[in-house]
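Colleague: Quick one, fold the following:
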Amino acid sequence: MTYIAKRLIMPIVFLLFLASCSSGSGESAAENRGGDDKKLTFLFNIPSQTLDPHLDVNYTSVRAGISETLVKISPDLKIEPWLAKDWKSEDGQTWVFTIKDNITFQNGKKADAKAVKASLERTIRDSAAMKNALKIKNIKADGQTLSITTNEPFPEFPSELVHPNTSIIDVNETNFSQKPIGTGPFQVSTFESGNKIELKRYEDYWDGKPKLERVTFSFNEDANARVMALQSKDADIIYRPSVENIDHIQKDPSIIVDSVPSLRVHQLLYNTEKDSLADVHLRHALDALLDRKEIAKSILGGHAQAADGPFLAGFPFASGKVQKPSGLEAAKAELKKAGYQMQDGKAVKNGKALSFTLLTYQSRPELPLIAQVLESNAKELGISIKIQQVENIDEYLSENEDWDLATYSAMTAPRGDAGYFLNTAYMPNGALNYSGIQHRTLIKWIEEFNRTIDEEKRNRLAKKAAELIEKDALNSFIVTPQNITAYRDHVLNWETSKSEYYMLTKDLDVKTK
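Modeller: Sure, this is the predicted structure:
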C-alpha cells in the first residue's frame, strides 16, 4: 500500500531536529547526581486525569509504584504473591488470603486484613466494572487473614485480583484522586492532572529500600515528542517511541530500544446496536478490507504480527485459523449479501447511502493511520467513513452512542487467562463491551467457562468462544503490536513487561558520576 508508506515518511527537518537534540550538551538529571540523590524521568504515552487507583482506567497508580495488588502476574504470565503471602480455596467460592505481616502504607499505618477489606469494599462500591468482575458476596477480616466469598464458584478469582483497579490503598485518607496512600515503593509528592506526577521514595517500603530517591512520571501523547525528549536527555525512559523513528534513535549508542511481545491487540470495534452493523455480512465486508500483514509491516514497521483472533498464538486457548472473507472482491460479495447495491459509486440500501463515523485516538499513533487505511479502502466499496479523533477513547465510548466504528487497543490476556477479555468485552455488563454485543450462544459458553474448574476444559471453551467471535466478526482483530520502550544506557534494571502493569519498581536505578 503506497498510501501507508507515504504517511510514514519522516520529514528531513524532523530528522535534523532529532540530530541536534542528540548532540546537545544537556545532561539528564540522573547523570548529574551522585550519592543517594538519584532521580529519573519516565515519559508515558497516555495522560491520567486522576490517580484514584480504583477508578483510573490507565492504571497509573500501579504503574508508578504508588499502590500494589494482592497478587501479580509474573514475566512468564503466572499468578504470584505480592501483598498476599498465599491463598487457598476448597470450593472455588470461598477464598482465604494471608496478608504479609510486614507491610505498611506510606503514612506508616499497618496494611492488615481489615485495611485490605476496606480498600476492596471501596473498589466494588465505586466501580461498577470491578463489582461485575470480582463477583464478591462478602469479605471478612481477622488479623492478617482475609476471607472472600464470591456469589458463585469462581475458579479464576485470584487472577482478577491482578487488575490494577483492585490495588490496595488506605481508604481512611481522603484525597484519592491527587494523593492516594498506597503500599508501593514511591509516594506522591505532587500531581498535575494530565501532565506529570512527582514521586519520592518511600523509605520504609516493605520489600526493601528503593534505589531511586525521586522520579518524575510525565505524560505526552505525541510519540515524536517523546522521542525528542529522550534525544535531548529530558527523559531517561520513554514508553512507545514512534515506530518510524526507531531505526534512527538506535544509531545513538547511548540509547537502548527494547521490543517485546505484548498481550495487546489492536482492533476495530463495531457498534452492533446500530441496525446496519448488526448485520454479520456488513461486518465481514469491513473486516475483509483489513490487510493485516501489510498493516503490521508498513504502519508498525514490522514491530507487530497479524492477529488471528483476540488471543496471541501460543496461548492454549488461542483460536485456530478461522476462514473468513478477505480482500476487495470478497468484501463486495459480503456487502451485496447485506442488501447493498452500487448507485453512482455509493453503496445504497433502501435509498440510503452507507456512511460511518470512525473514532480513533492519538495516544497510540498507529491507530489513526489504520483508520485512514480503512477509510481509503472503504471508498472502493462505495462506503463513506468520517474519522473523528477523541482524547479519551474509553470515556467517549462509555458515554456516547453517536459512533459506528472505533479503532481500539486492549490487552486481551493480561493475566495469562482468557477470562478477563471474554467477560469484560462480551458479557452484557462487561466494562469493555462498548459494542453492545449480546450473543446468546457466546454468553452461554462464557458462563460455562466461568463455572468450570478443570483447566483443559476451560481452555477448550475459551478457544471455542474465540473462534465464534472471529467467525461472526463481533470485533475485527487487526495486529498484535510489540511493546516498545527506549531508554538511556545509564538506566539500570528496567524491564519492559508484557503485562504493561509494572514500571517503576524498587530495583529501578541509574548510574551516577
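
Colleague: So this protein: which segments form each domain?
Modeller: 20-47+185-254+489-510, 65-166, 264-482 (automatic domain parsing).

Colleague: Take the ones you listed and lay them out in CSV including mean neighbour count and mean pLDDT.
Modeller: In this view, the C-beta of every residue, glycine as well, is placed from N, C-alpha and C. Below are the domains of the chain laid out as CSV (neighbours: other Cβ atoms under 10 Å; pLDDT from 0 to 100):
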stretch, mean neighbour count, mean pLDDT
domain 20-47+185-254+489-510, 19, 88
domain 65-166, 18, 95
domain 264-482, 19, 94
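
Colleague: For residue 55, find the nearest of those domains.
Modeller: domain 65-166 (6.1 Å; Cβ to Cβ).

Colleague: looking just at contacts, which helices and strands does the top strand by length along the chain meet?
Modeller: As assigned by DSSP state E, the longest strand anywhere in the chain is strand 475-488. Judged by 3 or more Cβ pairs under 8 Å, 6 or more residues apart in numbering; DSSP states H and E, strand 475-488 is in contact with helix 223-231, strand 237-239, helix 246-249, strand 255-261, strand 264-270, helix 280-288, strand 304-306.

Colleague: Could you identify the helix or strand that succeeds that strand?
Modeller: Moving toward the C-terminus from strand 475-488, the next helix or strand (DSSP states H and E) is strand 491-492.

Colleague: Against which helices or strands is the helix or strand that that following strand is followed by packed?
Modeller: Going down the chain from strand 491-492, the next helix or strand is strand 509-510, by DSSP H and E. Strand 509-510 is packed against strand 491-492, with contacts defined by 3+ Cβ pairs under 8 Å, 6+ apart.

Colleague: and if we set it to 10 Å?
Modeller: With contacts taken as 3 or more Cβ pairs under 10 Å, 6 or more residues apart in numbering; DSSP states H and E, strand 509-510 sits against strand 39-44, strand 491-492.

Colleague: what's the offset of the last one from the middle of its chain?
Modeller: In this view, strand 491-492 has its centroid 24 Å away from the chain centroid, taken as Cα atoms, centre = their mean, to the nearest Å.

Colleague: Show me the strands paired with that strand, marking each as parallel or antiparallel.
Modeller: Its sheet considered, strand 491-492 pairs with strand 509-510 (antiparallel) by DSSP bridges.

Colleague: I'd like the distance from the strand it pairs with to the chain centre, please.
Modeller: 26 Å.

Colleague: The chain should start at 590 in everything you say after this.
Modeller: Renumbered: residue one is now 590, and that last one reads strand 1098-1099.

Colleague: still on that earlier bit, right, so of the helices and strands packed on strand 1098-1099, which gets closest to residue 881?
Modeller: strand 628-633 (27.5 Å).

Colleague: That closest one: what's the following helix or strand?
Modeller: Next in sequence after strand 628-633, counting helices and strands by DSSP H and E, comes helix 649-652.

Colleague: could you dump that next one to CSV, C-alpha only?
Modeller: Presented in CSV, the C-alpha positions along helix 649-652 are these (Å, rounded to 0.1, in the frame of the first residue of the first chain):
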residue,chain,number,x,y,z
THR,A,649,-1.2,4.9,36.7
SER,A,650,-1.0,4.2,40.5
VAL,A,651,0.3,0.7,40.0
ARG,A,652,2.5,1.6,37.0
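
Colleague: The helix or strand following that helix: partners in the sheet, and parallel or antiparallel?
Modeller: Once the chain leaves helix 649-652, the next helix or strand it forms, by DSSP H and E, is strand 660-662. Strand 660-662 sits in its sheet next to strand 668-670 (antiparallel), going by DSSP bridges.

Colleague: picking up where we left off before, compare the domains of the chain and report which one is nearest to residue 765.
Modeller: Evaluated with Cβ to Cβ, the domains of the chain place domain 654-755 nearest to residue 765, the distance being 8.7 Å.

Colleague: Make a markdown table from the domains of the chain and add distance to residue 768 to it.
Modeller: Output for those, formatted as a markdown table (distance: least, Cβ to Cβ, whole Å):
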| stretch | distance to residue 768 |
| --- | --- |
| domain 609-636+774-843+1078-1099 | 5 |
| domain 654-755 | 9 |
| domain 853-1071 | 22 |
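
Colleague: Out of these, flag the one nearest residue 647.
Modeller: Judged by Cβ to Cβ, the one of the domains of the chain that comes nearest to residue 647 is domain 609-636+774-843+1078-1099, at 5.2 Å.

Colleague: ranges for the strands of the stretch 590-739 of the chain?
Modeller: Under the criterion DSSP state E, counting those that start in this stretch, strands of the stretch 590-739 of the chain are mapped to 628-633, 660-662, 668-670, 673-677, 683-688, 725-731, 734-739.

Colleague: Mind putting the helices and strands packed on strand 1098-1099 into JSON lines with distance to residue 660?
Modeller: Output for these, formatted as JSON lines (distance: least, Cβ to Cβ, whole Å):
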{"stretch": "strand 628-633", "distance to residue 660": "24"}
{"stretch": "strand 1080-1081", "distance to residue 660": "27"}
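
Colleague: what's the closest of those strands to residue 955?
Modeller: Set against residue 955 and scored by Cβ to Cβ, the helices and strands packed on strand 1098-1099 come closest in strand 628-633, at 16.8 Å.

Colleague: Appreciated, that's everything.
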